[in-house]
Structures are given as structure tokens and as C-alpha cells.
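1. sequence? don't have it. structure:
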């Protein structure tokens with residue numbers, strides 16, 4: 001059985017936490033875009049220069 005060092009444990013832990021935060025950031029960004037466009041479409045909150 002391979003010996004797992006403390007460095008490997010912390011590296012995997014940091015990788016998992018980083019991936020979690022990256023996923024949350026992308027998810028919240030997409031949610032923000034969806035909500036922003038819905039509000040913009042329904043209430044004309046932002047003026048367009050068309």
C-alpha cells in the first residue's frame with residue numbers, strides 16, 4: 001500500500017476546496033446573468049441605447 005504523506009493530503013484538500021469555490025463562482029455568475037436579464041426584460045430597469 002502506498003504511503004500517503006501529509007503534503008498529499010493537504011494538496012488534495014486544497015484542490016477540492018478550490019474546485020468547490022470555482023464551481024460556486026461560475027454558478028452564481030450564471031444565476032446573476034439570468035436574474036439580471038429577467039429583471040431588465042420585465043421592468044426595463046436599464047435603459048438601452050438602441
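-> Nice, I can see it. Note that the structure is predicted; figures quoted are calculated from it, not measured. Numbering: from 1, shown residues only.
2. burial measure for residue 38, as a count.
-> 10 (other C-beta atoms under 10 Å). Where C-beta positions appear, they are placed from N, C-alpha and C, glycine not excepted.
3. per-residue pLDDT, it?
-> What the model reports as pLDDT for residue 38 is 84.
4. ok, the one 5 residues further on next?
-> According to the predicted model, the pLDDT of residue 43 comes to 70.
5. please tell me how far it sits from residue 36.
-> Here residue 43 is placed at a distance of 11 Å from residue 36 (C-beta to C-beta, to the nearest Å).
6. now residue 15
-> Taking C-beta to C-beta, one finds residue 15 at 32 Å from residue 36.
7. now swap in residue 7 and tell me
-> In terms of C-beta to C-beta, residue 7 sits 43 Å off from residue 36.
8. distance of the residue nearest to the spatial centre of the chain relative to residue 31?
-> Residue closest to the mean C-alpha point of the chain, counted by C-alpha atoms, centre = their mean, is residue 25 at 1.7 Å. Computed as C-beta to C-beta, the residue 25 to residue 31 distance reads 11 Å.
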